[in-house]
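Participant: Could you work out the structure for the sequence below:
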Amino acid sequence: MKSNFLAVFIFATGVLNSSNAYSYSFQDAIDAIKSHDVVSSLEKKSKALVEEGESKGSWGDPMFRVAAKNYPKDSLKNDDTPMTGIEFGLAQKVALTTKYGNIEDAFAALGQATKQESENKAQELIRSFWEILIENKKLDEEINIINENLNWIKNILKVSKRLYANGKISQQALLDIQIRKSELEALLSNTEYESKQQLDKLSYVLGKNNESISKETIPWRIFKRSENGTKDFKELSLKSKLIAKSKMLTAKKLAYVPDLTVSVGYTKRSNIDDKGDFVSAMVSFPLPFSGQKYSGHSQAVFEKASAEKKLSNYRKFKSSEQSRLLHQIEKLNSELKILKERTIKFAENSRKITSKSYSLGDSSYIELLQSELKLQSLLLKRSKLSAALLKTKAKYKYLIGEKLYE
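Facilitator: Residues are numbered from 1 along each chain as shown. The predicted model follows:
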């Protein structure tokens, strides 16, 4: 009996204070989440997009050219004709518009959008982290409720054995109470295994195996207050993507004006005609007759319109979801208030009265088990509603852009 009590006490500390796992503080866990692989991956992608923008926004390197010109094919001498010589040339592409600057700005905005995606992903993981903590808190409460009920049924079993010995209850009544005790033991075992499974979920969120969180460091108080400043990284990311598409559309419009390629050359001759060396200059540009620029422009128009629709749709969804979550919080608060202030108290009194009456032989074991089951059901319901309320508050805070840590 003593060893069983010790085992229950050790497990009742829950997954969050597991004796065989390193115990993190809540802030340690937040720091680990911020450096999670999926967050770091997006941060690196953001930097890559900025670098890609700098590359695509450049005019390109100047081209240096050396050419041997007009050498006689039979002799290959450089002093047979006045046109023979070695030409040194330099060419550079020159943009007549701010097209490339807009391309660079577009990629910079995409990089910013991806950075904001990484911030949003971190917030998502922190919300998932809170859901694990809330679920574990609920399971700890359920373990305590079942343990208390199990102790109560054990005491009732002692009373029942006495009543059975005195012939006041049937053997069937005694067996039913023993069956109920076995059911509670099975329920306790299942709940304990559910609690263990939370550690598996925690290992992904923290990016490490066999980790736990010190319960004393968990700031439950953040659900009792709201912040003045909020930052919805998902909406900010959509805004940045819209800016990127707008910049790219501007670049595609400016692409109708072709780039010039300016080149200069210097030809070193043998000077057989006493005219000295040659110099040359040239300007070239493509003629926009193909459909490439037109289709590129059309594509940019549609992509900008798509980005506008995505932002508009998200804002509508956010407004609707925000209202729904607030109503859900009000509903859960109301239900919990009634449950705590009235229903559970009535059920506790009912079990207390029925158990006393049963010990005196005035109530049946069926009435006794019904009162016990009713109270347990209500206590477990309170635990589930409390967890649902905290999870809904966590969703609401995430949705409006409030921090889920201090």
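
Participant: At which residues are the strands of the protein located?
Facilitator: Remark: strands assigned in the chain by DSSP state E are 22-24, 63-69, 85-94, 211-213, 260-269, 278-284.

Participant: Including distance to residue 158 and mean neighbour count, could the ones you listed go into a markdown table?
Facilitator: Quick note: C-beta positions are derived from backbone N, CA and C, even for glycine. Listed next are those as a markdown table, based on distance: least, CB to CB, whole Å; neighbours: other CB atoms under 10 Å:
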| stretch | distance to residue 158 | mean neighbour count |
| --- | --- | --- |
| strand 22-24 | 39 | 15 |
| strand 63-69 | 98 | 11 |
| strand 85-94 | 95 | 16 |
| strand 211-213 | 37 | 23 |
| strand 260-269 | 100 | 16 |
| strand 278-284 | 103 | 11 |
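
Participant: Of all those strands, which one comes closest to residue 149?
Facilitator: Residue 149 lies closest, by CB to CB, to one member of these: strand 211-213, at 26.9 Å.

Participant: about what we covered before: can I get the strands of the chain in JSON lines with mean pLDDT and distance to residue 229?
Facilitator: As requested, those are exported to JSON lines (pLDDT from 0 to 100; distance: least, CB to CB, whole Å):
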{"stretch": "strand 22-24", "mean pLDDT": "69", "distance to residue 229": "27"}
{"stretch": "strand 63-69", "mean pLDDT": "91", "distance to residue 229": "53"}
{"stretch": "strand 85-94", "mean pLDDT": "92", "distance to residue 229": "47"}
{"stretch": "strand 211-213", "mean pLDDT": "77", "distance to residue 229": "27"}
{"stretch": "strand 260-269", "mean pLDDT": "92", "distance to residue 229": "50"}
{"stretch": "strand 278-284", "mean pLDDT": "90", "distance to residue 229": "55"}
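
Participant: out of these, nearest to residue 144?
Facilitator: Closest among the strands of the chain, using CB to CB: strand 211-213, at 18.7 Å.

Participant: rewinding a little: figure out which of the strands of the chain is closest to residue 402.
Facilitator: strand 211-213 (20.9 Å).

Participant: who touches the closest residue to residue 343 other than its chain neighbours in this structure?
Facilitator: Nearest residue to residue 343 in three dimensions, chain neighbours excluded: residue 378, at 5.9 Å (CB to CB, 6 or more residues apart in numbering). Applying CB atoms under 8 Å, 6 or more residues apart in numbering to residue 378 gives the contacts 339, 343, 344, 347.

Participant: just checking, the third one touches residue 377?
Facilitator: No. Using CB atoms under 8 Å, residue 344 is not in contact with residue 377; the gap is 10.4 Å.

Participant: export stretch 115-123 as PDB, just CAs?
Facilitator: Taking Å, rounded to 0.1, in the frame of the first residue of the first chain, the C-alpha atoms of stretch 115-123 are listed here in PDB:
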ATOM      1  CA  LYS A 115      11.200  37.000 -42.100                       C
ATOM      2  CA  GLN A 116       7.800  37.800 -40.800                       C
ATOM      3  CA  GLU A 117       6.700  34.300 -41.700                       C
ATOM      4  CA  SER A 118       9.500  33.000 -39.500                       C
ATOM      5  CA  GLU A 119       8.200  35.200 -36.600                       C
ATOM      6  CA  ASN A 120       4.700  33.900 -37.200                       C
ATOM      7  CA  LYS A 121       5.900  30.300 -37.200                       C
ATOM      8  CA  ALA A 122       7.700  30.900 -33.900                       C
ATOM      9  CA  GLN A 123       4.400  32.300 -32.500                       C
END
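
Participant: what's next to that stretch, contact-wise?
Facilitator: Counting by CB under 8 Å, 6+ apart, 33-34, 36, 38-40, 42-43, 46, 233-234, 236-237, 240, 398, 404 sit against stretch 115-123.

Participant: Quick check: the residue nearest to residue 343 vs residue 340, distance?
Facilitator: Counting by CB to CB, to the nearest Å, the gap from residue 378 to residue 340 is 10 Å.

Participant: Tell me the confidence at residue 277?
Facilitator: If you check residue 277, the pLDDT there is 87.

Participant: what does residue 12 give?
Facilitator: 39.

Participant: what's residue 291 sitting at in phi/psi?
Facilitator: Main-chain dihedrals, residue 291, degrees, to the nearest 10: phi -90, psi 0.

Participant: can you check residue 57 too?
Facilitator: Note on residue 57: backbone dihedrals following degrees, to the nearest 10 are phi -90, psi 0.

Participant: Would you confirm that it contacts residue 95?
Facilitator: No. At 9.9 Å, residue 57 does not count as touching residue 95 under the criterion of CB under 8 Å.

Participant: contacting residues for the residue lying closest to residue 358 once chain neighbours are set aside?
Facilitator: Ranked by CB to CB, 6+ apart and with sequence neighbours excluded, the top spatial neighbour of residue 358 is residue 368, at 4.6 Å. Contacts for residue 368 (CB under 8 Å, 6+ apart) come out as 156, 177, 354, 355, 358.
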